[in-house]
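> Sequence first, predicted coordinates after that:
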Amino acid sequence: MSEPEGASILLIEDEPQIRRFLRASLGAQGYRLVEAVTGEDGLLQAATRQPDLVLLDLGLPDLDGVDVIRRLREWASIPIIVLSARGQERDKIAALDAGADDYVSKPFAVGELFARLRVALRRSASSGEPPESTFTVGDLQVDLAKRRVQVSEREVHLTPIEYKLLTTLVRHAGKVMTHEQLLREVWGPPYAGQAHYLRVFMAQLRRKLEVDSARPRYLLTEPGVGYRLAAE
């Protein structure tokens, strides 16, 4: 799929240096930028400008960023990517559980930010379309209609739980999923606190799907937070 062109980005950020940097960087890539320096103004801009994506700093002068996410999610389904200087996992998990699609930790590499933007915008653009029956990234192919998984055209046998874990990640490809979100979707709400189940099955999946399970290409760990399936 081609690069999203002319997408409108709402940046809710109170640090002037980061706003200047992103204004130049995003503009050079053809994105249209709308800026807000407070949470309340950001919510107003989101309602009136209807951007394609929101970049949100958690540490705002008036509202906590997690509250901004919750209020946005009351009426909007647009992608939200958090820019977080908070290093603690609980802040990232709170943002994701509130409805954020992804997060990028400050200081961030602009290349990584653009990659996350592309994935979020593409996923949003395709959300209203019928889901594709085949997911492909690199040498990994998941045929959802035929329940077939291949790596480098070699069929891989997965147990029912392994397959459900993989297809859950496929449905949210490119998006960070917390341990609790995965446990609830794959095993059910009673298992939301059983993180060891997830570690065991993720290790099994990596052994079957990755060339080097210690350096995964597809099944990526977000330390202390959860996992993400690479989408490009």
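Happy to help now that I have it. Residues are numbered from 1 along each chain as shown.

> okay but Ser84 is in contact with Ala95, surely?
Yes: contact criterion C-beta atoms under 8 Å: Ser84 and Ala95 qualify, at 7.1 Å. The way it works is simple: take the backbone N, C-alpha and C, and place the C-beta from them, glycine included.

> Not counting its neighbours along the chain, what's nearest the residue nearest the centre of the chain?
The chain has Lys175 as the residue nearest its centroid, 2.4 Å off, counting by C-alpha atoms, centre = their mean. Counting by C-beta to C-beta, 6 or more residues apart in numbering, Asp101 is the residue found nearest to Lys175 once chain neighbours are left out, at 5.3 Å.

> shouldn't that neighbour be in contact with Ile81?
Yes: between Asp101 and Ile81 there is a contact at 6.3 Å, judged by C-beta under 8 Å.

> Quick check: neighbours shared by these two?
Applying C-beta atoms under 8 Å, 6 or more residues apart in numbering, one finds that Asp101 and Ile81 are jointly contacted by Ala120.

> tell me the domain boundaries of the protein?
The record's domain parsing of the chain by automatic domain parsing lists 8-125, 134-229.

> Would you convert these into JSON lines that also reports mean pLDDT?
Shown next, in JSON lines, are those (pLDDT from 0 to 100):
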{"stretch": "domain 8-125", "mean pLDDT": "91"}
{"stretch": "domain 134-229", "mean pLDDT": "92"}
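
> right, so these: which one is the most enclosed?
Highest mean neighbour count among these (mean count of other C-beta atoms under 10 Å): domain 8-125, with a mean of 18.

> how long is that one from one end to the other?
For domain 8-125, the first-to-last residue distance is 13 Å (C-alpha to C-alpha, to the nearest Å).

> For it, what is the distance to the chain centroid?
Distance, stretch centre to chain centre, for domain 8-125: 12 Å (C-alpha atoms, centre = their mean, to the nearest Å).

> same check, this time on stretch 192-205
Worked out by C-alpha atoms, centre = their mean, stretch 192-205 lies 20 Å from the chain centre.

> which outside residues touch it?
Residues external to stretch 192-205 that are found in contact with it (C-beta under 8 Å, 6+ apart): 158-159, 161-162, 165-166, 179-180, 182-184, 186-187, 191, 213, 219, 227.

> ok, back up a step: what are the phi and psi values for the residue nearest to Lys175?
phi -90, psi -30 (degrees, to the nearest 10).
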